[in-house]
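>>> Build the 3D model from these lines:
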Amino acid sequence: MFMAPLASAASGLIDDFRRDDLVSLLGTPWRAVSDQVMGGISTARIARRTHAGRSALCLSGQVSLENNGGFAQMNLALAAAGAFDARAFVGVHLVQCGNGATYHLHLKTEATVLPWQSYRATFVSTADWQEIRLPFTAFVPHRLDAPLALDRLLRLGVVAIGQAMTADLCLAEIGFYRAAPDTPGTDDGSATALPRNANP
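Now for the predicted structure:
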């Protein structure tokens with residue numbers, strides 16, 4: 001029996017991008033999605049590659065506001081079936097390297113029944129590998145009133161949205177973190193530098 005997804009769910013680690021395919025440590029696949037699903041013309045591509053010395057999943061593309069569009073993202077389901085219970089954690093952390101643009105982290109729950117509904121937090125990408133921590137309290141409901149239900153998480157997305165821009169962002173790790181974590185980082189969406197050769 002393949003137990004890695006269960007072990008990963010318990011630890012909070014979603015992916016460290018060391019596999020050759022697009023399957024996360026939760027056993028669910030990453031996918032690229034753009035506003036073309038609703039008539040827009042933005043583009044989104046994802047690929048695993050080595051970037052700045054680290055195994056990574058990279059999002060690239062062009063975000064256009066034409067035809068009422070405006071997003072490109074990489075996302076995945078947090079469980080193969082049902083919902084992910086994140087009540088043991090206090091937020092989402094990611095080790096990222098990008099083009100200096102602002103990106104969004106979106107969470108979907110059983111309450112986000114419409115495509116445009118989500119819980120959103122933002123971060124600014126950095127030219128070097130840095131860790132960012134986003135506490136759940138930073139996630140704002142978008143076009144819904146229900147509070148974020150941590151025991152009902154369905155999907156997570158890393159999104160370039162809301163402005164014409166080039167999407168160019170790589171992740172070396174993403175997951176949930178617990179209170180009083182023992183790794184460096186911040187809890188306000190700002191970044192903490194990692195050693196250049198860090199690849200845990």
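>>> most residues in a single strand of this structure, which one?
Looking across the chain with DSSP state E, the single longest strand is strand 165-177.
>>> and that one, which residues are buried?
Using 16 or more other C-beta atoms under 10 Å as the test for burial, strand 165-177 gives 165, 167-177. Every C-beta, even on glycine, is put in place using the N, C-alpha and C of the backbone.
>>> Could you single out the nearest of those residues to Thr28?
Within the buried residues of strand 165-177, the smallest distance to Thr28 is 12.7 Å, found for Ile174 (C-beta to C-beta).
>>> Just the pLDDT for the closest one.
For Ile174, the pLDDT comes out at 98.
>>> How about it, nearest residue that isn't a chain neighbour?
Leu94 (4.5 Å; C-beta to C-beta, 6 or more residues apart in numbering).
>>> what sits against that neighbour?
105, 123, 131-132, 134, 158, 171, 173-175 (C-beta atoms under 8 Å, 6 or more residues apart in numbering).
>>> Let me know the angle separating the helix or strand containing it from strand 165-177.
For Leu94, the enclosing helix or strand under DSSP states H and E is strand 91-98. Here strand 91-98 points in a direction 140 degrees away from that of strand 165-177 (axes from the mean of the first three to the mean of the last three C-alpha atoms, to 10 degrees).
>>> tell me the angle of the helix or strand following strand 91-98 relative to strand 165-177?
The element immediately downstream of strand 91-98 (helix or strand, assigned by DSSP H and E) is strand 102-109. Going by the same axes, to 10 degrees, strand 102-109 is angled at 50 degrees with respect to strand 165-177.
>>> buried stuff in strand 102-109?
Buried-residue list, strand 102-109, by 16+ other C-beta under 10 Å: 103-109.
>>> ok so, going back, just curious, which of the buried residues of strand 165-177 is nearest to Ala81?
Nearest to Ala81, judged by C-beta to C-beta, of the buried residues of strand 165-177 is Phe176 at 19.0 Å.
>>> tell me which residues in stretch 63-80 are buried?
Applying 16+ other C-beta under 10 Å to stretch 63-80 flags 63-65, 69-79 as buried.
>>> for the record, mean pLDDT for it?
Mean predicted confidence for stretch 63-80 is 97.
>>> At which residues are the strands of this structure located?
13-15, 31-34, 45-51, 54-63, 71-77, 91-98, 102-109, 118-124, 130-135, 140-142, 153-161, 165-177, 191-193.
>>> and the strand holding Leu94, how far out from the chain's middle?
Distance of strand 91-98 from its chain centroid, counting by C-alpha atoms, centre = their mean, to the nearest Å, is 8 Å.
>>> And stretch 15-35, by the same measure?
11 Å.
>>> tell me how far the ends of it are from each other?
25 Å (C-alpha to C-alpha, to the nearest Å).
>>> quick revisit: turn the strands of the chain into JSON lines, columns for distance to Leu22.
Below are the strands of the chain laid out as JSON lines (distance: least, C-beta to C-beta, whole Å):
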{"stretch": "strand 13-15", "distance to Leu22": "10"}
{"stretch": "strand 31-34", "distance to Leu22": "7"}
{"stretch": "strand 45-51", "distance to Leu22": "7"}
{"stretch": "strand 54-63", "distance to Leu22": "8"}
{"stretch": "strand 71-77", "distance to Leu22": "9"}
{"stretch": "strand 91-98", "distance to Leu22": "17"}
{"stretch": "strand 102-109", "distance to Leu22": "19"}
{"stretch": "strand 118-124", "distance to Leu22": "22"}
{"stretch": "strand 130-135", "distance to Leu22": "22"}
{"stretch": "strand 140-142", "distance to Leu22": "26"}
{"stretch": "strand 153-161", "distance to Leu22": "14"}
{"stretch": "strand 165-177", "distance to Leu22": "12"}
{"stretch": "strand 191-193", "distance to Leu22": "25"}
